[in-house]
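1. Pasting the sequence and the predicted model now:
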Amino acid sequence: QVQLVESGGGLVQAGGSLRLSCAASGFSLDGYTICWFRQAPGKEREGVTCIERSDGDAYYLDSLKGRFTISRDNTKNTVFLQMNSLKPEDTAVYYCAADPTPWYHFLLLDRGEVDYWGQGTQVTVSS
C-alpha cells in the first residue's frame, strides 16, 4: 500500500520539543521533495518546511527558522521534523506530503495536485 504515515505528535508545554516522523511505504522518498504543512482550527493550511529530493536544500517558514529543523534519512525512507521551543501558536495538525517538484513550486500546488499526503498528526502546545 502506497502511503505516508506521520507520527510523533502529542501534547507538550510551551518551550518543549517534539520530533515528528513521516514514513513512506510502497514507494521510495528518494525522488521526492517532502514538505510539512500545518493547519490550525479556523486557519488556512500553511507550508512549514520542505526538503529537496536532490541536494537536501531546505526551506523554512520565516517565523520558524531556528526552531524547526527538517531532515531526511533515505535509508529509512523517512523524513523528520524536529520542533524546539514550541509555542501555543504552533498548535495544529501537521501533515507531510511528497511530490517530485521543487519546494518553491510545491508550496503553490493545490492539495489535489500533490502526489502523496499523510493523514496528519496533532500537535498541541499548552501555555
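-> Received the coordinates, thanks. Residues are numbered from 1 along each chain as shown.
2. which residues touch residue 95?
-> 6, 36-39, 45, 117-121 (Cβ atoms under 8 Å, 6 or more residues apart in numbering). Just so you know, the C-beta spots here come from the backbone N, C-alpha and C atoms, and that holds for glycine as well.
3. brain fart, residue 116
-> Listed by Cβ under 8 Å, 6+ apart, the contact set of residue 116 reads 2-4, 24, 27, 32, 97-99.
4. Helix or strand: which one has the residue nearest the centre of the chain?
-> Compute the mean C-alpha point of the chain, and by Cα atoms, centre = their mean the closest residue is residue 36, 2.1 Å away. Taking DSSP states H and E as the criterion, residue 36 maps to strand 33-39.
5. can you pull the buried residues of that strand?
-> Using 16 or more other Cβ atoms under 10 Å as the burial criterion, the residues of strand 33-39 that qualify are 33-38.
6. and of these, the nearest to residue 70?
-> residue 36 (6.7 Å; Cβ to Cβ).
7. Residue 27 is in contact with residue 4, isn't it?
-> No: contact criterion Cβ atoms under 8 Å: residue 27 and residue 4 do not qualify, at 9.1 Å.
8. centre of the chain versus the host helix or strand of residue 12, how much separation?
-> Taking DSSP H and E as the definition, one finds residue 12 inside strand 10-13. Chain-centre distance of strand 10-13: 17 Å, with Cα atoms, centre = their mean, to the nearest Å.
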